[in-house]
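# coords below, sequence missing:
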């Protein structure tokens, strides 16, 4: 695999009436093409800001981020973002929401619907094309969000705690679904979470970050075979190891 995303000495500082607030400090890491990388850290530590920098939604204060060798300077369709709150258009059906991106990029309606149908089927929502967001469960809404992101056919998916508001059972199911979709249609994914079990279940590799200002504290290559089982002794051993490392880092 090749290094697809590269963060070099990345920092982000916000200036307000209250003063200067450094949120991201000298972050360095790379992401391989088609890798599922998890950024794991405590709540309110700057994970979302870091993801927004990679997406190009926030300007970098210092350093550089490149994707496929090109410097990130603004948001673009090559990097799709899935947030915890799906922000689906409430007046649009599932089909309307998923086909919106391709249509906005100039594709004909028939082609946009064909693309959307493929990803609606892929995330297991066949038969719900005409449903509106208020008719969907939380898990189904997140499936629409994932399908919508895939429909734009980005090279990179940035996922900001997308399952954080779901109940435990639905969260497990969505983790399984994400792996299934990713294995079927590979993308480079950066997944942000503050849940250690979720991090280990999903990741090819975990980047552990510190409390604000965010810096990289450590890295774990996850070599457990998939599908992973939460109660597997090797899973639990790794969970204990990372938990101990994080506790000592705080």
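Ah, there it is. Just so it is clear, the model here is predicted, and its values are computed rather than measured.

# any idea how far residue 235 lies from residue 154?
From residue 235 over to residue 154 the distance is 30 Å, taken as CB to CB, to the nearest Å. Backbone N, C-alpha and C define where each C-beta goes, glycine included.

# just residue 147 next, same as before
For residue 147, the distance to residue 154 (CB to CB) stands at 13 Å.

# neighbour count: the two, which is higher?
More crowded of residue 147 and residue 154, by other CB atoms under 10 Å: residue 147, with 26 against 18.

# okay, the spatially closest residue to that one that is not a sequence neighbour: pLDDT?
Spatial nearest neighbour of residue 147, chain neighbours left out: residue 119 (4.0 Å); criterion: CB to CB, 6 or more residues apart in numbering. Listed pLDDT for residue 119 reads 94.

# phi, psi for residue 119 please.
Main-chain torsions, residue 119, degrees, to the nearest 10: phi -80, psi -30.

# that one against residue 97, yeah?
No: Residue 119 is not in contact with residue 97 according to CB atoms under 8 Å; the separation is 10.9 Å.

# what's opposite the spatially most central residue of the chain in the beta bridge?
Among the residues of the chain, the one closest to the centroid is residue 159, at 1.6 Å (CA atoms, centre = their mean). Taking DSSP bridges, one finds residue 82, residue 191 as the beta-bridge partners of residue 159.

# for it, give its distance to residue 6.
19 Å.

# what's the answer for residue 195, then?
For residue 195, the distance to residue 6 - CB to CB - is 27 Å.

# all the strands of this structure, residue numbers only.
Assigned by DSSP state E, the chain shows strands spanning 3-16, 19-32, 36-40, 62-67, 70-71, 79-83, 156-160, 188-193, 205-209, 216-221.

# dump those strands to a markdown table, plus mean pLDDT.
Below are the strands of the chain laid out as a markdown table (pLDDT from 0 to 100):
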| stretch | mean pLDDT |
| --- | --- |
| strand 3-16 | 93 |
| strand 19-32 | 93 |
| strand 36-40 | 96 |
| strand 62-67 | 96 |
| strand 70-71 | 94 |
| strand 79-83 | 90 |
| strand 156-160 | 95 |
| strand 188-193 | 96 |
| strand 205-209 | 95 |
| strand 216-221 | 95 |
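
# residues contacting residue 78?
67, 68, 154, 155, 156 (CB atoms under 8 Å, 6 or more residues apart in numbering).

# and it, how close does it get to residue 84?
Using CB to CB, residue 78 is found at 22 Å from residue 84.

# chain center to stretch 150-157, what's the gap?
11 Å (CA atoms, centre = their mean, to the nearest Å).

# do you know how far the closest residue to residue 81 other than its chain neighbours is from residue 149?
In space, and not counting its chain neighbours, residue 81 is closest to residue 158: 4.8 Å by CB to CB, 6+ apart. The gap separating residue 158 from residue 149 is 9 Å, by CB to CB.

# got any residues that touch both of those two?
Common neighbours of residue 158 and residue 149, using CB under 8 Å, 6+ apart, are 80, 81, 82.
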